[in-house]
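*Asks:* build the 3D model from these lines:
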Amino acid sequence: MGRLATSVDGSAEAVPAYLCDAVDFIASNLAEPLSVRHVAAALGVSERTLQWAFQRHFGLAIMTFVRQRRLEQANRKLLAADVDAMTVTTVAMDSGFQHLGRFSSAYRQCFGEYPSESLRRARGDGCRSLGSNAPGS
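*Replies:* Modelled structure (predicted):
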């Protein structure tokens, strides 16, 4: 049996165990190329069953769910970045994004700033910090 959760329509119902397994599998494989077929095969369920469960319980297509998790992971990594070692490219690739332009655009849409801006904020060298040291301040 699965866990009890609130579905998109607000009703409480048991989440199928395979859906919990799918979420765990996705989280463990974010950097890998994932597809609906790949996830379904790994869990031994049909693609259609998996697609239905994601739509029913999360209100999202599987690949939208994957993309959101990848963006969240990238955001966490950028904000906790090792100042000397981390780059936006490294974070994007480690989070499963292969196309840097699409990553940057999706990241900005999700978080309201470009990945490089998040990284600058994590490093503490954003433009805001320059204002206090400007002449005449």
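
*Asks:* what is the burial count for Q98?
*Replies:* 9 (other C-beta atoms under 10 Å). The way it works is simple: take the backbone N, C-alpha and C, and place the C-beta from them, glycine included.

*Asks:* show me what contacts it?
*Replies:* P33 (C-beta atoms under 8 Å, 6 or more residues apart in numbering).

*Asks:* low pLDDT regions in the protein?
*Replies:* Scanning the chain with the threshold set as pLDDT under 70 gives 1-12, 83-84, 125-137.

*Asks:* would you map out the domains in it?
*Replies:* 4-60, 69-126 (automatic domain parsing).

*Asks:* among the ones you listed, which is the most enclosed?
*Replies:* domain 69-126 (a mean of 16; mean count of other C-beta atoms under 10 Å).

*Asks:* show me where the protein has its helices.
*Replies:* Along the chain, the segments classed as helices by DSSP state H run 17-28, 36-43, 47-58, 62-79, 88-94, 100-111, 115-123, 127-131.
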